[in-house]
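A.B. asks: Mind folding the following:
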Amino acid sequence: MELHLERPLLFFDIESTGLNIATDGIIELSFVKAMPDGEVKIKTWKIKPWDYALHRQIPINPQASEVNGVKDEDLTNCPKFIEVLPEVVSWLEGSDLAGFNSAKFDLPLLAEEVERALAYCKQRLDKPESREKAQQMIGCIGKIDLHACRMVDVQNIYHHFEPRNLRAAYRFYCGGKDFENAHTAEADTLATLEVLKGQLDRYAEPTEYQQEVLKNNVEALSKIGQRSRNVDFAGRLILNDEGEACISFGKHKGKTAREVWETEPSYFAWIEGGDFTLDTKRQFARLKARFQQERKEALNRPATSDELQGLADKFNGRLF
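C.D. replies: Numbering: from 1, shown residues only. Purely as a prediction, here's the structure:
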């Protein structure tokens, strides 16, 4: 069954230097863009992972090399992520997203790379010789908001109906054969596209043992096992039942971010200086700015009649 799309659906997969989103980098990024008219476009980048603060290549974890087969010297002459970012943005713009287990790793790492590039460009604004280029890049990055993208995680659908992994999923949904070149970004991404099509075929009609039908639209697909409760990609902030952002770890676990800011504002400074992803830091900073603005507006608004009466009672010496 072919995909029913109203917007392009961009499948993507990442190979990286390791599994630490805060410190590791992308070494291979592959996009497979399924268009509403049925056309499929493919683009893959080999990327030199770059530490913008230390101005050096990020080394690949040996365990990661064993999986993806890429070594540091293979990437020496490849472009840095910031150098391909304008093209990456052009592929992302106007698209919904899809991948295999991408909501938990690939999307957060992609967002982190974008944040690193944005932070570097903001630093370059102070340099006259690089200000114009930095402003252009900041404007380019502003065209996308990964938090606003609908994300179809094919692994969530797979585990929802048949819990296993990509290789098993391909055998199960795509004719019983393995696909070639597993653990290369392009092969994995193309396999993910074929798996989603196979899932749509398999769950198109209810059966005696499976009554649920998989709807052929991105809105329904993106809601299966979605990360809707996460405020940041790393899940350090989650929404409670009232829709308030809450801390999900450490000594303040379970408390709302607003409560922590009101009782221990230095905690937000600790987050900013700690070993957290840039996206996590951005979401804490966004909440802090909102709380500060709300307090400022509260201080500047006219006092209510009850508040005025309370002040009058206080200065008249009345206790009750």
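
A.B. asks: Okay, helices next: where are they in this protein?
C.D. replies: Per DSSP state H, the chain has helices spanning 62-68, 81-92, 107-124, 131-141, 154-161, 166-173, 185-202, 218-222, 257-263, 266-273, 278-300, 305-315. These are given in chain order.

A.B. asks: Take these and lay them out in a markdown table including distance to residue 5, mean pLDDT and mean neighbour count.
C.D. replies: Any C-beta I mention is one placed from the backbone N, CA and C, and that applies to glycine too. Shown next, in a markdown table, are these (distance: least, C-beta to C-beta, whole Å; pLDDT from 0 to 100; neighbours: other C-beta atoms under 10 Å):
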| stretch | distance to residue 5 | mean pLDDT | mean neighbour count |
| --- | --- | --- | --- |
| helix 62-68 | 30 | 91 | 13 |
| helix 81-92 | 16 | 97 | 18 |
| helix 107-124 | 19 | 96 | 20 |
| helix 131-141 | 25 | 95 | 15 |
| helix 154-161 | 15 | 88 | 21 |
| helix 166-173 | 19 | 86 | 19 |
| helix 185-202 | 11 | 93 | 21 |
| helix 218-222 | 7 | 91 | 18 |
| helix 257-263 | 36 | 95 | 16 |
| helix 266-273 | 39 | 96 | 14 |
| helix 278-300 | 27 | 92 | 15 |
| helix 305-315 | 55 | 66 | 10 |
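
A.B. asks: Out of those helices, flag the one nearest residue 21.
C.D. replies: If you check each of the helices of the chain against residue 21 by C-beta to C-beta, helix 107-124 wins as the nearest, at 5.1 Å.

A.B. asks: now that closest one against helix 278-300, angle please.
C.D. replies: 70 degrees (axes from the mean of the first three to the mean of the last three C-alpha atoms, to 10 degrees).

A.B. asks: could you say what helices and strands helix 107-124 packs with?
C.D. replies: strand 9-16, strand 26-34, helix 81-92, helix 131-141, helix 278-300 (3 or more C-beta pairs under 8 Å, 6 or more residues apart in numbering; DSSP states H and E).

A.B. asks: what angle do it and strand 9-16 make?
C.D. replies: 80 degrees.

A.B. asks: what's next to helix 107-124, contact-wise?
C.D. replies: Under the criterion C-beta atoms under 8 Å, 6 or more residues apart in numbering, residues 12, 14, 16, 21-22, 24-26, 29, 52, 81-82, 85, 97, 99, 130-131, 133-135, 137-138, 141, 144, 146-147, 151, 233-234, 277-279, 282 lie in contact with helix 107-124.

A.B. asks: Dump the C-alpha coordinates for that helix into CSV.
C.D. replies: What follows is helix 107-124, C-alpha atoms only, in CSV (Å, rounded to 0.1, in the frame of the first residue of the first chain):
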residue,chain,number,x,y,z
LEU,A,107,15.7,13.4,16.3
PRO,A,108,17.2,14.5,19.6
LEU,A,109,20.7,14.2,18.2
LEU,A,110,19.7,16.1,15.0
ALA,A,111,18.2,18.8,17.2
GLU,A,112,21.4,19.0,19.3
GLU,A,113,23.5,19.5,16.2
VAL,A,114,21.2,22.3,15.1
GLU,A,115,21.5,23.9,18.5
ARG,A,116,25.3,23.6,18.5
ALA,A,117,25.4,25.4,15.1
LEU,A,118,23.0,28.0,16.3
ALA,A,119,25.1,28.7,19.4
TYR,A,120,28.3,28.9,17.3
CYS,A,121,26.7,31.4,14.9
LYS,A,122,25.5,33.6,17.8
GLN,A,123,29.1,33.7,19.1
ARG,A,124,30.3,34.8,15.6
